[in-house]
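Q: show me the folded form of this:
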Amino acid sequence: MLITGQINGTYEAKNDVMASYLSQAKDLILQFLSCKVIHIKRSENKSADALSKGASTNFEHFAKYIRVEVLDRPSVPQHKVLVIQTGVESWMTPIMAYLTSGAPLEEKAVARKIRHKALNYRMQDGILYRRYFLSPLLRCVDAEDTNYLIREVHEGIYGLHAGYRMVVAKLMNAGYYWPDMHMDATHKIRKCDSCQRHAPNTLRPKNELVPVTPA
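A: Coordinates of the predicted model:
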């Protein structure tokens, strides 16, 4: 019943091994023009019921009548290797290249700018960190992680829907840094639906008052 429910989508395969078996079963089903998996009750399938009960008995006398094979490992790989995209350039790429290899750039203006920026950064275990005098090293992140960090601090589990200054301060206290933190936080917070709905109403007029003198 469990296997039938997982294939038909009624149950969910939470175990990693069962999820691997389920993925392999679905791949095999796609090779057929039509396939339907039906659960048969024990009373209607005595042979299979006897085999299932025999798994908990002693194999010595059971193997005299039925061929038994013991598997010491799953027949499907437990972990699948996913192909990820590598080599994506970001604002950290030239700084990391300079700190790692120290190779000068062809353009002198760009090389001078990179050398000046690299004084405020440090490479440690293949990770780029930003140096600060009054705080520990801050881990540098690229554009793919900035949206998640801002959203998590602003409207996450412990988010207070605070302004961009407090959000940036919390991010730096958590140990993260990227150059356009204030600008990105401002743009992201302005698009927050909850902040727009529950923001206090401004009673000030949009335009300046124009005095009208009586005639």
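Q: okay, now the domains of this structure?
A: 2-62, 141-198 (automatic domain parsing).
Q: okay, those domains in a markdown table with mean neighbour count next?
A: In this view, the C-beta of every residue, glycine as well, is placed from N, C-alpha and C. Converted to a markdown table, the domains of the chain look like this (neighbours: other C-beta atoms under 10 Å):
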| stretch | mean neighbour count |
| --- | --- |
| domain 2-62 | 11 |
| domain 141-198 | 15 |
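Q: any idea which of these scores lowest on pLDDT?
A: Ranked by mean pLDDT, these end with domain 2-62 in last place, scoring a mean of 79.
Q: okay, now residue 138: neighbour count?
A: Residue 138: 20 surrounding residues under other C-beta atoms under 10 Å.
Q: and the closest residue to it other than its chain neighbours, what does it touch?
A: Spatially, and ignoring its direct neighbours in sequence, residue 138 is nearest to residue 177 (3.8 Å; C-beta to C-beta, 6 or more residues apart in numbering). With C-beta atoms under 8 Å, 6 or more residues apart in numbering as the criterion, the residues that contact residue 177 are 130, 138-141, 171.
Q: and residue 166, by the same measure?
A: Residue 166 makes contact with residue 160 under the criterion C-beta under 8 Å, 6+ apart.
Q: for it, give its distance to residue 196.
A: 18 Å (C-beta to C-beta, to the nearest Å).
Q: also residue 48?
A: 60 Å.
Q: one step back: for the domains of the chain, which one sits closest to residue 113?
A: Taking C-beta to C-beta, domain 141-198 is the member of the domains of the chain nearest to residue 113, at 12.9 Å.
Q: out of the contacts of residue 177, which are inside helices?
A: Judged by DSSP state H, the subset of the contacts of residue 177 located in helices is residue 171.
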